[in-house]
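**Student:** Okay, here's the prediction I keep looking at, along with the sequence it came from:
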Amino acid sequence: MRLMNIGIALTALALAGPALADAPVALSLDATKTEARIDRHIFGQFAEDLGTGVYGGIWVGKDSPIPNVRGIRKDVVAALKALHVPVVRWPGGCYADEYHWQDGIGPTAARKALPNHAWGNVLETNAFGTDEFMDFVDQIGSEAYISANVGSGTVKEAADWMAYMTMPADSYWGKLRTANGHAAPYKVSMLGIGNESWDCGGHMSPAEYTSQLKLYGRFVHNYNNDMPTQVIAVGPGGLETDYTEAVMQTYKKNRNWSWDMHGLSLHSYTWMAWPPSWKATGFGEKEYAEFLKDTLKMEQLIETHSAVMNKYDPEKRVSLVVDEWGSWLAPTPGSNPSFLQQQNSMRDAVLAAFNINIFARHADRVRHTNIAQMINVLQAMILTDRDKMVLTPTYHVFKMYVPFQDAAFVPLSYKAGTYKVNGVSLPRIDAIAAKAKDGKIWIAVTNVDPNRPADIDLAIAGMPAGKAVGETLTAPKFDAVNTFDAPDTVVPKPVGAAIAGGKLHMTLAPASVTVVSLVP
Ligand code: AHR
């Protein structure tokens, strides 16, 4: 990796716009002090059967001219492998509570083609079912998070699904799975009991939901001892705590030998107002700042619901699972509005970094999240159009943050300063640090201000370090995007700096995300 020398850095800054004289932001860390592990599952993804998220984005079919392995796109698999995706949630979302798994197994030609009622009633072949999802997860080296149908399904249907996936090959369900091409039991690392049961999942009261939770928790079994399944209950979708209270109370008071749960789901999108109409590109600085301000509500949501969870589970055994988060913007002009297709800009990259940093700071309670959604839907990693594929700025942030997976959080002290525009105030910088399993210290720092570079001075104690090396992601403008014709507008560039007298000095470009490791 090439170190960006000071001359090049200064030229880059001169090109970046007028640099106002600001005092450097002082940060400090002690490499010997570590806190909670940043569970790799906080970098999880969500792939709902929605629009072209699955059909087109993952699945092209075995006979497609688009290069594929057993119907699954090779280019998408290669790109996702580089992200070390820890877990993928499927089949929904709202679709999960309309999905009947037996429609999607067996010979493809015999599967039921049905309208996707949750997302635009488009006719779907069900060619991508359980076995194809498991193949996909295996190809990218990830784990499966299955959302069971509580809204329009039954306990028996969900129990049979888990049996199909996890029973031994010589059992009734194992024989059926073997006949469909997979003798070995699958591993299901997470099982969601319903989705947004307070809304599209059946509009249930908290009490109605908790009675379902106990039944599904009791009778839907995992039979594969090689992978214990974590059960995730439906939780809140905002600041209201009624679901959190009811589910955690049920966990505390009614949990016995017969059922258990390991996670409580929280859903929170950044959309400003419903229906989402904020532009994905072609917006001004005010919209840049207001949208980012809105995403910071994640901190309050986590703190509010963690406080309730602490009452019932002070040992923090149950994880707060943010299994839907990200930006929800106006659909790409000309696209089917039910497909939730949107472009992804440098603002989304900053938004992703903000949220990941919040999750890392709450790593003791937040041990799993899923950004919505992986391909072609909402804040995607990847956009595809037939044989074309492009990686988004959000993809690059997730790739740059890979070293934080399972690393130990290292407290970083700093005064962030303020970036202000049109009465909106945001922290000028946002940063986290962590110690990876190999002992390396990693720093991620975002310069939120789209106008001014930020000088940082990081004092490092507890380790010898000679330089910092890594990558920085920035763009000609905060609304810049990658397109099929111009895929490299927002891509990370190598960056580095010397460390002298135990201090790292770096200049961060306006609206940028930088991840570096400290090395001798
Ligand atoms: O991600 C899109 C939708 O948002 C999901 O299907 C639903 O759970 C949420 O409301």
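**Tutor:** Everything's here; your move.

**Student:** Contact partners for the residue nearest the centre of the chain?
**Tutor:** Ranked by distance to the mean C-alpha position of the chain (C-alpha atoms, centre = their mean), the top residue is Ile371 at 2.7 Å. Neighbour list for Ile371: 44-46, 325-326, 352, 379, 381, 394, 398 [criterion: C-beta atoms under 8 Å, 6 or more residues apart in numbering]. (Glycine included, C-beta is placed from N, CA and C.)

**Student:** Select only the buried ones of those in PyMOL?
**Tutor:** Here is the PyMOL command that selects only those of those that count as buried (16 or more other C-beta atoms under 10 Å):
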select buried, resi 44+45+46+325+326+352+379+381+394+398
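
**Student:** Go through the contacts of Ile371 and say which is closest to the ligand.
**Tutor:** Nearest to the ligand among the contacts of Ile371, counting by C-beta to the nearest ligand atom, is Phe46 at 6.8 Å.

**Student:** Which residue, other than its chain neighbours, is closest to the closest one?
**Tutor:** Among residues not flanking Phe46 along the chain, Asn370 sits closest, at 4.1 Å (C-beta to C-beta, 6 or more residues apart in numbering).

**Student:** how about that neighbour, secondary structure?
**Tutor:** strand (DSSP: H, G, I helix; E, B strand; the rest coil).

**Student:** Quick one: residues contacting it.
**Tutor:** Asn370 neighbours (C-beta under 8 Å, 6+ apart): 44-46, 87-89, 145, 321-325.

**Student:** Kindly report the same for Gln102.
**Tutor:** Here Gln102 is in contact with 157, 160 (C-beta under 8 Å, 6+ apart).

**Student:** Look up phi and psi at it.
**Tutor:** The phi and psi torsions at Gln102 (degrees, to the nearest 10) take the values phi -70, psi -10.

**Student:** quick one: it from the ligand, how far?
**Tutor:** 21 Å (C-beta to the nearest ligand atom, to the nearest Å).

**Student:** what number of residues lie near Pro67?
**Tutor:** By other C-beta atoms under 10 Å, the residues close to Pro67 number 12.

**Student:** ok, back up a step: pLDDT value on the residue nearest to Phe46, please?
**Tutor:** Asn370 is assigned a predicted lDDT (pLDDT) of 98.

**Student:** Could you count how many residues lie near Lys252?
**Tutor:** By other C-beta under 10 Å, 12 other residues sit near Lys252.

**Student:** any idea what sits nearest it, other than its immediate chain neighbours?
**Tutor:** Nearest to Lys252 is Tyr312, by C-beta to C-beta, 6+ apart, at 4.1 Å.

**Student:** The one you found touches Thr250, doesn't it?
**Tutor:** No - counting by C-beta atoms under 8 Å, Tyr312 sits too far from Thr250 to count as a contact (9.1 Å).

**Student:** okay, these two: which has more neighbours?
**Tutor:** Thr250 (22 against 17).

**Student:** from memory that one sits against Thr210, does it?
**Tutor:** Yes - Thr250 lies in contact with Thr210 (C-beta under 8 Å); the separation is 4.3 Å.

**Student:** shouldn't Trp127 be in contact with Ile58?
**Tutor:** Heads up, residue 127 is Ala, not Trp. No - the criterion here is C-beta under 8 Å, and Ala127 misses it with Ile58 at 11.1 Å.

**Student:** Show me the beta-bridge partners of the residue in the stretch 201-350 of the chain positioned nearest to the ligand.
**Tutor:** Nearest residue of the stretch 201-350 of the chain to the ligand: Glu324, at 5.5 Å (C-beta to the nearest ligand atom). Judged by DSSP bridges, the bridge partners of Glu324 are His267.

**Student:** Enumerate the residues of the protein near the ligand.
**Tutor:** Residues of the chain lying close to the ligand (C-beta under 6 Å from any ligand atom) are 48, 92-94, 195-196, 324, 372-373, 378.

**Student:** any chance of those in a markdown table, with neighbour count too?
**Tutor:** Below are those laid out as a markdown table (neighbours: other C-beta atoms under 10 Å):
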| residue | neighbour count |
| --- | --- |
| Glu48 | 28 |
| Gly92 | 27 |
| Gly93 | 30 |
| Cys94 | 20 |
| Asn195 | 29 |
| Glu196 | 24 |
| Glu324 | 25 |
| Ala372 | 26 |
| Gln373 | 27 |
| Leu378 | 27 |
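
**Student:** Tell me which entries of those lie within helices.
**Tutor:** Using DSSP state H, no member of the residues of the chain next to the ligand falls in helices.

**Student:** so which of these comes closest to the ligand?
**Tutor:** Out of the residues of the chain next to the ligand, the member with the shortest distance to the ligand (by C-beta to the nearest ligand atom) is Gly93, at 2.7 Å.

**Student:** Show the contacting residues for that closest one.
**Tutor:** 46, 48-50, 118, 147, 195, 324, 372.

**Student:** Which pLDDT value belongs to it?
**Tutor:** Per-residue pLDDT puts Gly93 at 98.

**Student:** likewise Pro520?
**Tutor:** Predicted confidence (pLDDT) for Pro520: 85.

**Student:** Please report the distance of it from Gly282.
**Tutor:** Using C-beta to C-beta, to the nearest Å, we find Pro520 at a distance of 46 Å from Gly282.

**Student:** ditto for Val481
**Tutor:** Shown here: Val481 relative to Gly282, a distance of 10 Å by C-beta to C-beta.

**Student:** Could you check which of these two has the larger neighbour count?
**Tutor:** A direct count of neighbours by other C-beta under 10 Å for Val481 and Gly282 places Val481 higher, at 22 against 10.

**Student:** gap between stretch 168-179 and the chain center?
**Tutor:** 33 Å (C-alpha atoms, centre = their mean, to the nearest Å).

**Student:** repeat for stretch 446-458
**Tutor:** Mean-position distance between stretch 446-458 and its chain equals 25 Å (C-alpha atoms, centre = their mean).

**Student:** Would you mark the buried spots in that stretch?
**Tutor:** Applying 16+ other C-beta under 10 Å to stretch 446-458 flags 446-450, 452-456, 458 as buried.

**Student:** Select, from those residues, the two members most distant in space.
**Tutor:** Taking C-beta to C-beta as the measure, the buried residues of stretch 446-458 span a maximum distance of 22.4 Å, between Pro450 and Leu458.

**Student:** which helices and strands sit right next to the strand or helix carrying Glu157?
**Tutor:** Assigned by DSSP states H and E, Glu157 belongs to helix 155-166. If contacts are counted by 3 or more C-beta pairs under 8 Å, 6 or more residues apart in numbering; DSSP states H and E, helix 155-166 sits against helix 130-140, strand 143-148, helix 172-179, strand 188-193, helix 206-219.

**Student:** Need the contact partners of the second one.
**Tutor:** Spelled out, it's strand 143-148. If you take C-beta under 8 Å, 6+ apart as the criterion, strand 143-148 is touched by 44, 86-93, 96, 133-134, 137, 158, 161-162, 165, 186-195, 216, 220, 227, 232, 323, 370.

**Student:** The longest one too?
**Tutor:** Outside of helix 206-219, the residues within contact range by C-beta under 8 Å, 6+ apart are 148, 150, 155-156, 158-159, 193-194, 197-198, 202, 204, 231, 233-234, 242-243, 245-247, 250, 254, 258-261.
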